[in-house]
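A.B. asks: My questions are about this predicted structure, shown below with the sequence.
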Amino acid sequence: NKDWRAYVDFVNDIVVSGLCDVTLASTRYLQNQVDEQWLIANECAPLLEVQLKLAPPRAVYTPLMARTANKDGMRDVTDSWLSTFVNVATLVGRIDGVEGEGDYLHDVQMDIAVKYSVSNVNKKITVSQRKCEEFRDMFMSYSYLWMDDIEKTFKAWKEENKQEGEDVIDPDPPLSAFDAQIVKFKALEAEIRDLPSTKVFGPFKIDAKPIKQAISTWVSKWRYKFTQHLLDDLVGKIGDLISFVSEASVLLEKDVPDGDKDALIEVMGCLRDVRARTEATDAMFDPLRQTVALLKKFNVQIDDATMQ
């Protein structure tokens, strides 16, 4: 019956239109929730929160920002929202089908207004996601801190800045070079501290505190390498001097019996060693005092026994 068919088609169009309106109401609401300018203007909180963490060699979002094989990425979440909005069409059986078989999913998916609204949502999410990646790349600019080997880099730096010449007693780089490196890492610590701990891009709120803490720890490791080398060198030289003085004192206080040639030779050898070491020891004290002053400048704790 043509009239019945026309009536069914008429009602069918009403059903499709109604389902499209339902879908559009949801997608348009979501469009506002992912629109950065709308969220700012209306002082609305972002829908999703992610953490930016350091997982060497990369800085990564948790959960991941993109689509993943396990469907647990942020983009998978927003895709599932859109799919849910469209899938409302599967809840209504077709009135023009056989005994209610089929649904209106294809009709809603092919609707121009629905496709346009879904596309707009995806475009805004893509823009926000791109900004999130740019924010992540800002932290990746510090990747040398965890990518470069601290020991190898320090050894290369020492070799490049070593002191040379006939009058040089200690080939280590001058204290001014150590000072410059430690100051550089102290400044880097302040720079990391001043980076934003949270950032909002559209529907995404980023918690950057984990990666800031991780990078600050790496900066501390680099700074520690320079300060600890100075401290170890200071303690080693003072310890060596104390040991020499103690051994020499024991020998010089030793009685030399008449005719004991071996004991006399031992004492004379000790006097020779003391004379030979006097000039180097005298020249050592001023650099040691400067090293102590430099370490105190950076709040490095020095053992009381060493100071005495």
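C.D. replies: On my side now, so go ahead.
A.B. asks: got the CA coordinates for stretch 178-188 in PDB?
C.D. replies: Provided in PDB are the C-alpha atoms of stretch 178-188 (Å, rounded to 0.1, in the frame of the first residue of the first chain):
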ATOM      1  CA  PHE A 178      84.000  24.400  39.500                       C
ATOM      2  CA  ASP A 179      82.200  27.500  40.800                       C
ATOM      3  CA  ALA A 180      80.900  28.300  37.300                       C
ATOM      4  CA  GLN A 181      79.500  24.800  36.900                       C
ATOM      5  CA  ILE A 182      77.900  24.600  40.300                       C
ATOM      6  CA  VAL A 183      76.300  28.100  39.800                       C
ATOM      7  CA  LYS A 184      75.000  26.900  36.400                       C
ATOM      8  CA  PHE A 185      73.200  24.000  37.900                       C
ATOM      9  CA  LYS A 186      71.900  26.100  40.800                       C
ATOM     10  CA  ALA A 187      70.400  28.500  38.200                       C
ATOM     11  CA  LEU A 188      69.000  25.500  36.400                       C
END
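A.B. asks: quick one: buried residues of that stretch?
C.D. replies: 178-179, 181-182, 185, 188 (16 or more other CB atoms under 10 Å). (Glycine included, C-beta is placed from N, CA and C.)
A.B. asks: got those as CSV, with secondary structure columns?
C.D. replies: Formatted as CSV, the buried residues of stretch 178-188 follow (DSSP: H, G, I helix; E, B strand; the rest coil):
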residue, secondary structure
178, helix
179, helix
181, helix
182, helix
185, helix
188, helix
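A.B. asks: Give me the distance between the closest residue to residue 208 other than its chain neighbours and residue 205.
C.D. replies: Excluding the flanking residues, the one nearest residue 208 by CB to CB, 6 or more residues apart in numbering is residue 52, at 4.7 Å. Computed as CB to CB, to the nearest Å, the residue 52 to residue 205 distance reads 11 Å.
A.B. asks: who's more crowded, the two?
C.D. replies: With neighbours defined as other CB atoms under 10 Å, residue 52 and residue 205 compare such that residue 52 has more, 23 against 15.
A.B. asks: which residues does residue 44 contact?
C.D. replies: 33, 38 (CB atoms under 8 Å, 6 or more residues apart in numbering).
A.B. asks: Select the longest helix from the protein.
C.D. replies: helix 209-252 (DSSP state H).
A.B. asks: average pLDDT for the helix or strand residue 180 falls within?
C.D. replies: Secondary structure from DSSP states H and E places residue 180 in helix 175-193. For helix 175-193, the mean per-residue pLDDT is 96.
A.B. asks: could you pull out the strands for this protein?
C.D. replies: For the chain, applying DSSP state E gives strands covering 48-55, 58-62, 198-201, 204-207.
A.B. asks: re the thing from before, quick check, nearest of the buried residues of stretch 178-188 to residue 108?
C.D. replies: The closest of the buried residues of stretch 178-188 to residue 108 turns out to be residue 188 (CB to CB; 54.4 Å).
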